[in-house]
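Q: Give me a 3D structure for the following:
(2 chains)
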Amino acid sequence: MEVIMSGWIPDLVTQLAPPAYLDPGSGSYLIQLLVAGALGAALVIRMQWDRIKNMFRRKDEKSSDPDEHVE
Amino acid sequence: MSSSSRSGGSFRDPSGFLFVRDGTLYRQINQIYRPSYDQLIDSGLYAELVALGCLIPHESAATPPAEPATASLVIQPEPVPFISYPYEWSFSQLQDAALITLEIQQRALKRGLSLKDASAYNIQFHRGRPLLIDTLSFEPYREGEPWVAYRQFCQHFLAPLALMSLRDIRLGQLLRLHIDGVPLDLAARLLPRRSRLRVGLLTHLHLHAVSQKRFAGAEVRSTERRGRVSRIGFLGLIDSLRRTVAGLRWEPGRTDWAEYDRMHNYSAAAQADKRRIVGEYLDRARPASLWDLGANTGEFSRLASSRGISTIAFDVDPSAVEANYRSVRREGEKSLLPLLMDLTNPSPAQGWGHEERQALVARGPADAVMALALVHHLAIGNNVPLPQLAGFLAALGRWLIIEFVPKSDSQVRRMMAAREDIFTDYTREGFEQAFGVFYHLHLASQIAESDRTLYLWEQR
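A: Numbers count the residues shown, from 1 in each chain, chains lettered A, B, ... in the order given. You can find the predicted model right below:
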């Protein structure tokens, strides 16, 4: 009963949106649940690292680093 | 009211479909999709993507819907002059199509929308660049849910690209066999073991394949479907896919055709004369569209495209098509589309009812066809009788610019060195007779310092 109740209101929301016609595949859904957390964390770290790199680049604007690529 | 016919490939999505009426292409948007369409417009995403050249623009249409019972709106998308399919694309074309899909998804997320499918058939090359043609691909983003199109993206884009890059370029042709993309378990089996060292491929192909197999047929509970992929997790997933796709590389190799330029039979004067004559023939025929068959890297295709003629450069060699596309991309050429095509086994009709993907011939005819340095490869190399060759080319276009390569030519002599000469009708007279059945001759010129002759034919 509890499981049914907790799913009820979100069900309504889904009904109002148009159905996704594509079969996403259960395995494809489940692996996303597994990896999204790690990939999200990796993205955040990468964004912070880019920010730190940019801070240093602004300080020594005169030194050119041809190996660095701005993403 | 004139009749409309629903487009062959457009039936899976209840959101709407394409139809043709009086020769114009329209898209019917069904009531069920209208709120999402409104959100696409109101959020500013439509304007943003069209301004960037990522999404096909459309106008509202005055015409009535094809199926009024379910319809909400009819729009008229800008037509794409030639529809091509992912199994006709070079490596970089498929890669660019993948990257634009992910870029569209990233921009959509910023405005509260998400792609509900990620099919390679939703991308077309238009004015030299890949863009999304399915305006109804967007749905509202519901935070917490995984990406519904993740499986499709991995099968349509990531798997074939990885196979082409790490195993063999020819594996791109698996897309012709598997119309919903390469199955992940197949890709995982065919990839070299070292592919597992790449985190992106390990995750999105190998582990993904394992998960698919393990949970095949399992029911995903509604709480699982909704609960656990945060927005930043979703963005991380998309970013990881983008980095994985962008990190795949393929360099056009030295194939028989790549060596062609070094070995070809023209002196500098002959080459210049051939270019002059082809230019003259193009100016005489003035076609609006042209198919260059056996175009190699597109040197002669560009004589047409630089005249503003909408040109498609077909070649059987993936290296040649790749090199050609890189030029198009680098130079920003808008009138040239390089495509992979084996004329002895061209793209057939595919999909449900043989109607979802069209055969090559069905996508013509072009105004003009160009067949330079080609005839001997088909007639002698592939034993196609000249009358049949003439009939095939006549179905493809009204005008024909064709180069006859006689047996005295050194390349033909090389081809026939180990073979018995069964080609009794392969002479200039035989050639002119075979083509004269379908065409009327305008001009013929022998190329300076060469045995070869250029012809300009027009269909009777």
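
Q: show me where the stretch 51-200 of chain B has helices.
A: Ranges of helices in the stretch 51-200 of chain B, per DSSP state H, counting those that start in this stretch, are B:91-110, B:150-153, B:159-166, B:174-177, B:184-190, B:199-201.

Q: Let me know the distance separating B:S347 from chain A.
A: Here the criterion is CB to the nearest CB, to the nearest Å. By it, B:S347 lies 24 Å from chain A. In short, each C-beta sits where N, CA and C put it, glycine included.

Q: which residues touch the residue nearest to that residue when sequence neighbours are not counted?
A: Spatial nearest neighbour of B:S347, excluding adjacent residues (CB to CB, 6 or more residues apart in numbering or on different chains): B:L360 at 4.9 Å. Counting by CB atoms under 8 Å, 6 or more residues apart in numbering or on different chains, B:L360 touches B:M341, B:P346, B:S347.

Q: So the first one sits against B:A313, correct?
A: Going back to what we said before, that points to B:M341. No - taking contacts as CB atoms under 8 Å, B:M341 lies outside contact range of B:A313: 9.6 Å.

Q: So for the two, which residue has more residues nearby?
A: B:A313 (30 against 22; other CB atoms under 10 Å in any protein chain shown).

Q: so what pLDDT did the more buried one get?
A: Looking at B:A313, its pLDDT stands at 98.

Q: B:S267 too?
A: 89.

Q: How about it: what's its closest non-neighbour residue?
A: B:S267 sits nearest to B:E449 (CB to CB, 6+ apart), 5.0 Å away.

Q: go on, B:G181?
A: B:Q155 (2.8 Å).

Q: Let me know how buried the one you found is, in neighbour terms.
A: 27.

Q: quick one: it and B:L184 touch, right?
A: Yes - using CB under 8 Å, B:Q155 makes contact with B:L184 at a distance of 6.3 Å.

Q: Now residue 33. Its backbone dihedrals?
A: Chain wasn't specified; assuming chain A. Main-chain torsions, A:L33, degrees, to the nearest 10: phi -60, psi -40.

Q: Tell me, what's the model's pLDDT at residue 28?
A: Let's take chain A. For A:S28, the predicted pLDDT is 94.

Q: ah, no, chain B please
A: On the pLDDT scale, B:Q28 gets 96.

Q: A helix includes it, no?
A: No - read with DSSP: H, G, I helix; E, B strand; the rest coil, B:Q28 is strand and lies in no helix.

Q: Quick check: beta-bridge partners of it?
A: On the basis of DSSP bridges, B:Q28 takes part in beta bridges with B:F17, B:V74.

Q: quick revisit: now mean pLDDT, distance to chain A and mean neighbour count too, for the helices of the stretch 51-200 of chain B, in CSV please.
A: CSV is the format used below for the helices of the stretch 51-200 of chain B (pLDDT from 0 to 100; distance: least, CB to the nearest CB, whole Å; neighbours: other CB atoms under 10 Å in any protein chain shown):
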stretch, mean pLDDT, distance to chain A, mean neighbour count
helix B:91-110, 98, 11, 21
helix B:150-153, 97, 4, 25
helix B:159-166, 98, 13, 24
helix B:174-177, 98, 18, 17
helix B:184-190, 98, 9, 19
helix B:199-201, 97, 9, 20
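
Q: Please tell me how far the residue nearest to B:S347 sits from B:Q106.
A: 35 Å (CB to CB, to the nearest Å).

Q: before we move on, what about B:V405?
A: In terms of CB to CB, B:V405 sits 51 Å off from B:Q106.

Q: just A:G40 next, same as before
A: In terms of CB to CB, A:G40 sits 14 Å off from B:Q106.

Q: which residues are common contacts for these two?
A: In terms of CB under 8 Å, 6+ apart, A:G40 and B:Q106 are both contacted by the residues B:L235.

Q: Give the residue spans of chain B that score low on pLDDT.
A: Scanning chain B for pLDDT under 70 picks out B:1-2, B:219-227, B:254-265.
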